[in-house]
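1. Dropping the sequence and predicted coords here.
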Amino acid sequence: MAEEKEILCCEAEEIHEELLKIVNETMPEGREMDALAELFKVFGDPTRIRILFILFETEVCVCDLAKALNMTQSAVSHQLRILKQSRLVKNRREGKSVFYSLADEHVRTIIAQGREHILE
């Protein structure tokens, strides 16, 4: 089945005030919308997605992440910093190693729902 390429529009302009009232009452504040948009930008990088998939399995140190991704520790650390700032991962130090893990189960849920959506 071919996808429809035309964007359909209303044939006549008619404002549905009762629907707009519901929208205006439920729309999040601007700062919340901005924060949500920023969160989804973080998921826009394939390297960060790969890191998250590795962390789905186990807590991993930066050295192991770099080896698994065939990247430098510096490049991995840069991506981890972004993920940590977005509260998607957390870290702990053990001796000379720094281990990363998922911040919480929400991260797994977001990715799982995204995969479900693209595979429909």
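-> Now that the structure is in, tell me what you want to look at. Residues are numbered from 1 along each chain as shown.

2. Pick out the residue nearest the middle of this protein.
-> Most central in the chain under CA atoms, centre = their mean is residue 43, positioned 3.4 Å from the mean C-alpha point.

3. Which pLDDT value does the model give it?
-> As predicted, residue 43 sits at a pLDDT of 94.

4. change the start of the numbering to 40 and stick with it
-> I'll keep to 40 as the first residue from here, and by that count the last item is residue 82.

5. shouldn't it be in contact with residue 88?
-> Yes: using CB atoms under 8 Å, residue 82 is in contact with residue 88, at 6.6 Å. Placement of C-beta: from N, CA and C, glycine included.

6. what do the two both touch?
-> Listed as contacting both residue 82 and residue 88 by CB atoms under 8 Å, 6 or more residues apart in numbering are residue 150.

7. Which positions within stretch 99-112 qualify as buried?
-> 99-101, 103-105, 110 (16 or more other CB atoms under 10 Å).

8. wait, which of these is closest to residue 44?
-> For the buried residues of stretch 99-112, the minimum distance to residue 44 (CB to CB) is 38.7 Å, reached by residue 110.

9. distance of the closest one from residue 132?
-> For residue 110, the distance to residue 132 (CB to CB, to the nearest Å) stands at 21 Å.

10. can you check residue 76 too?
-> Distance check for residue 76 against residue 132: by CB to CB, it reads 32 Å.

11. Excluding covalently adjacent residues, which one is nearest to residue 87?
-> Closest residue to residue 87 apart from its sequence neighbours, by CB to CB, 6 or more residues apart in numbering: residue 118 at 5.3 Å.

12. ok, now how distant is the one you found from residue 55?
-> From residue 118 to residue 55 the distance is 45 Å (CB to CB).

13. ok, now residue 135?
-> In terms of CB to CB, residue 135 sits 63 Å off from residue 55.

14. Then residue 97?
-> Taking CB to CB, one finds residue 97 at 51 Å from residue 55.
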